[in-house]
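Q: quick check, what structure comes out for this input:
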Amino acid sequence: MAKDNATEAEQTASASRLIDERVQELADWRGKTLAHVRALIKQAEPEVVEEWKWRGVPVWSRDGIICTGETYKSVVKLTFAKGASLEDPSRLFNSSLEGNTRRAIDISENEEIDGEALKALVRAAAALNAVSKKKPRKS
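A: Here you go, the predicted model:
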């Protein structure tokens, strides 16, 4: 988040504007894909907070990071911060499978994503963050 005294609402509005700009500047299948998954994330978790981190990465959070939306030449990558802890019955995760924490979904051009399965993952990630937030940390 911004290091100035902007309110959380102002920071979220600024991040949302930056994500809008990223979608527009891509102006190809990656922009359309990013806009589509963004809409699905917001449908799944209406209270999601949009952030802009690490010099230009869209981030969706609720009680912690749910996922990031990176764009590369050949894929749009949704990386779930705690993906290894999530059930994935539809097998959307197809990248970063070897790690102990994160899991990712690489979406290629002309690839359809199962919107209901993605929304289920987003809801599960938000629920996991909420549970994790309530647990007291060990010293």
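
Q: what about the closest residue to Asp114 other than its chain neighbours, how many neighbours?
A: Excluding its sequence neighbours, the residue lying closest to Asp114 (Cβ to Cβ, 6 or more residues apart in numbering) is Ser90, at 5.5 Å. Any C-beta I mention is one placed from the backbone N, CA and C, and that applies to glycine too. When neighbours are defined as other Cβ atoms under 10 Å, Ser90 has 13 of them.

Q: check what pLDDT Ser90 gets.
A: Here the pLDDT value assigned to Ser90 is 95.

Q: now swap in Gly99 and tell me
A: 85.

Q: what does Ala27 give?
A: 86.

Q: how near is it to Thr71?
A: Plainly put, Ala27 is 12 Å away from Thr71 if you go by Cβ to Cβ, to the nearest Å.

Q: out of the two, which sits in the more crowded spot?
A: Thr71 (20 against 9).

Q: nearest spatial neighbour of that one, skipping sequence neighbours?
A: Per Cβ to Cβ, 6+ apart, closest to Thr71 is Arg30, 4.7 Å.

Q: so who does the one you found touch?
A: The contact partners of Arg30, by Cβ atoms under 8 Å, 6 or more residues apart in numbering, come to Thr71, Val76, Glu109.

Q: these two touch, right, Arg102 and Lys77?
A: No - assessed by Cβ atoms under 8 Å, Arg102 is found out of contact with Lys77, at 10.7 Å.

Q: got the phi/psi numbers for Tyr72?
A: Main-chain torsions, Tyr72, degrees, to the nearest 10: phi -120, psi 180.

Q: also the one 5 residues further on?
A: Reported as degrees, to the nearest 10, the phi and psi values for Lys77 are phi -110, psi 120.

Q: and the longest strand along the chain, how far out from the chain middle?
A: What stands out as the longest strand in the chain, according to DSSP state E, is strand 65-71. Relative to its chain's centre, strand 65-71 lies at 3 Å (Cα atoms, centre = their mean, to the nearest Å).
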